[in-house]
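Predicted coordinates and the sequence they were generated for:
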Amino acid sequence: MYAILINVLFLLVVLLITQHIIEIYTKKLTRKLIKIYSFLAGLISIFFCMTFPFSVNEGFIVDIRIVPFIMASLYGGPLVSVGLYVFIVLYRFVIGVDFGFWGTILNYSVIPLLTFICFKRFIKSETTHKLLISLSVITFHLSLSYFIYSNIFVSHTPLNITLLGNLIKIICIILCVFTLERIRLNYQIRNKIVDIEKMEILSHLSASISHEIRNGLTGAKGFMQLLKENESDLQKQKYIGIALDELERSEIIIRDFLTFAKPAPEKIEKINMEHFLNYIIELVSPISNMNSIKVKKSLSPFWIIGDRRIIQQAFLNIFKNAIEAMPNGGQLVISMNSHKNMYEISIEDTGVGMDREQIERLGKPYFTTKGQKGTGLGMMVAYRVIEELNGKIKVTSQIGKGTTFTIYLPRSFHNSENVIIDPSVCNVKHNK
C-alpha cells in the first residue's frame, strides 16, 4: 500500500512543479521548451515509479509508470513518447531481462504509435475530450498488456489483482489530466481577471479625459486652418500643414480612446455584412494600392444587428493592421463562412507575421507591433468591440509567412429591449 502511495506522490510532486512553471514561465514557454519539460517530467516520474514498484503474487512487479508515460506523450508529442519508450526499455533491461522485460517492449511500443495518431487532436481539445482520449489510450494499453501476459507469457497473476492495478492506473490518469487542465484554466482565469481590471481602469481614465482633450484639439485645429489660409509664406504653410496632420493623428487617437471607453451601441441597425465588408475594402483600397497589395475576397450575404459606426471602426483597425504588415506588397484575402450558431469572417495577410508572445499580447493595453508609430489602441478597440458583441477573435500567425484574423460573431448578439432598427435599412422599428 505504501509503495502505491509513493508512486502517486511522485506524480503529485511533478504536477506541483508544473503549476509553478506555468505560473512563472508561461510567456517564455515555446513549443520546443514544452516538449523538453514534458520529456524531463515524464522521465523523472517514470524513473521513480520503476525504482519503487509494488509487488503482488510471488514478486510480480507492478508500478504506475504508464501514467506519466501517457501524460508526457500526449502533452509533449511523438518525439517525447519515443524518447521515454527507449528510456523505459533500457531501464527495464538494467532491472533484469525476464518475461516482464519482453512484455514491456511489446505492450509499451503501442504508446508512441497512439500518440502519433492522437497528439494533434488532444492538444486542440477541451478538458472532457482530453480525458476521453487519455482513457482510450490507457484502456487500449491495459487490454493489450492483459492479452500479452495472459496468452504469450502465461502470467499467473490473479484477475482481481490485475483489475485493481488497472483501476489504480485509470484513476491516476484521470486525476492527472483533470489537475493539469485545472491548473491551466486557473492561470487563464487569473490573467483574464487582471486584464479586465486593467481595461476597466483604462476605460474610466479614457472617458474622463478624452472629451476635454478633444475640445482643445478642435479649437487648435480651427485656428491652425485659419492661419494656413492667410499665410503666404510657403515654408510656414508647410509647417502649419505638418501641425494639422499631427492634430488629425491626435484626434484619431482620442476617437479610439472614446470608442474603447464606451463601445456600447448608440444606433442599432440591421447590417448586410457582404455590403459592409465591400465598403470597408473600398475605404482601405488607397492604402492597399499604395503598398502594392492585391485584395481577394470571397463574400456571401448574411445579416447581423449592431451599431454600424463602432463595428466599422473595429474592422477598419484590423484591415489597416493587415495592410501595414505588408510594406513590400502582398495579398489580403477576406472570406466569410456560416456555421450553425455563428458567422466566421477571415482576414488573411501575407505580411511579416507575429510570434506567440505578440499574438498573446494583441488587444492588451500599451502593446503595438508598429514600434513608435503605433499606440496599440486600434487593436484594443477591435477586441473590445467584438467582445461587446459576444463574439471572439482568433489569431494564427507565422513569422515571415503572414497572419490570419478569424472573427466569430453570433447569429443574434443584441438582446436589448429598446431596439431601434434603422428604417432606411429594413423599414422596421421596435419600441418598448
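Perfect, I can see it now.

Return the set of buried residues in stretch 36-51.
37-39, 41-50 (16 or more other Cβ atoms under 10 Å). (C-beta placed from N, C-alpha, C; glycine too.)

Mind checking which of those land in strands?
Among those, no member is found in strands (DSSP state E).

how about the one helix or strand residue 270 maps to: buried residues?
According to DSSP states H and E, residue 270 maps onto strand 268-272. Neighbour-count burial for strand 268-272 flags 268, 269, 271 (criterion: 16+ other Cβ under 10 Å).

which residues touch residue 301?
The contact partners of residue 301, by Cβ atoms under 8 Å, 6 or more residues apart in numbering, come to 272, 273, 274.

Name the nearest residue to the second one, sequence neighbours excluded.
What it means is residue 273. Distances taken as Cβ to Cβ, 6 or more residues apart in numbering put residue 302 closest to residue 273, at 5.5 Å, once the chain neighbours are dropped.

got the phi/psi numbers for the one you found?
With angles defined as degrees, to the nearest 10, residue 302 sits at phi -150, psi 160.

Touching, it and residue 337? I think so.
No - contact criterion Cβ atoms under 8 Å: residue 302 and residue 337 do not qualify, at 9.7 Å.

Next, show the common contact partners of the two.
Counting by Cβ under 8 Å, 6+ apart, the shared contacts of residue 302 and residue 337 are residue 343.

Could you point out which of the contacts of residue 301 is nearest to residue 142?
Closest approach between these and residue 142, by Cβ to Cβ: residue 273, at 51.4 Å.

Give the full set of residues in contact with the closest one.
Applying Cβ under 8 Å, 6+ apart, the residues near residue 273 are 299, 301, 302, 303, 304, 336, 343, 345.

Kindly recompute the last result at 10 Å.
For residue 273, the contact set (Cβ atoms under 10 Å, 6 or more residues apart in numbering) comprises 299, 300, 301, 302, 303, 304, 311, 315, 336, 343, 345, 409.

Which of the residues you listed fall in strands?
Counting by DSSP E, the contacts of residue 273 place 303, 304, 336, 343, 345, 409 in strands.

Tabulate the residues you listed (JSON lines), appending pLDDT and neighbour count.
Formatted as JSON lines, those follow (pLDDT from 0 to 100; neighbours: other Cβ atoms under 10 Å):
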{"residue": "303", "pLDDT": "81", "neighbour count": "14"}
{"residue": "304", "pLDDT": "82", "neighbour count": "20"}
{"residue": "336", "pLDDT": "90", "neighbour count": "18"}
{"residue": "343", "pLDDT": "87", "neighbour count": "20"}
{"residue": "345", "pLDDT": "92", "neighbour count": "21"}
{"residue": "409", "pLDDT": "87", "neighbour count": "20"}
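
Could you single out the nearest of those to residue 219?
For the ones in strands among the contacts of residue 273, the nearest to residue 219 is residue 304 (38.1 Å; Cβ to Cβ).

contacting residues for that closest one?
Neighbouring residues of residue 304 by Cβ under 10 Å, 6+ apart: 269-273, 276, 311, 343, 389, 391, 409-414.

do the same with residue 359
Neighbouring residues of residue 359 by Cβ under 10 Å, 6+ apart: 353, 394, 395, 396, 397, 403.

again, but for residue 396
Residue 396 sits next to 348, 353, 354, 359, 402, 403, 404, 405, 406 when contact means Cβ under 10 Å, 6+ apart.

8 Å - rerun?
Contacts for residue 396 (Cβ under 8 Å, 6+ apart) come out as 359, 403, 404, 406.

buried set for the host helix or strand of it?
If you go by DSSP H and E, residue 396 is part of strand 392-398. Neighbour counts over strand 392-398 (16+ other Cβ under 10 Å) mark 393, 395, 397 as buried.

before we move on, the earlier item: of all the contacts of residue 273, which comes closest to residue 93?
Once Cβ to Cβ is applied, the member of the contacts of residue 273 that ends up nearest residue 93 is residue 345, at 56.7 Å.

Mind listing the residues bridging to the closest one?
residue 336, residue 407 (DSSP bridges).

part of a helix, is residue 351?
No - per DSSP: H, G, I helix; E, B strand; the rest coil, residue 351 lies outside any helix segment and is coil.

thought it was touching residue 400?
No - the pair residue 351 / residue 400 is not scored as a contact, 9.1 Å apart, by Cβ under 8 Å.

Those two: who's more crowded?
Here residue 351 and residue 400 are compared on neighbour count by other Cβ atoms under 10 Å; more neighbours surround residue 351, at 26 against 8.

which one is that one nearest to, not counting chain neighbours?
residue 325 (3.0 Å).

gap between that neighbour and residue 349?
5 Å (Cβ to Cβ, to the nearest Å).

Kindly report the same for residue 50.
51 Å.
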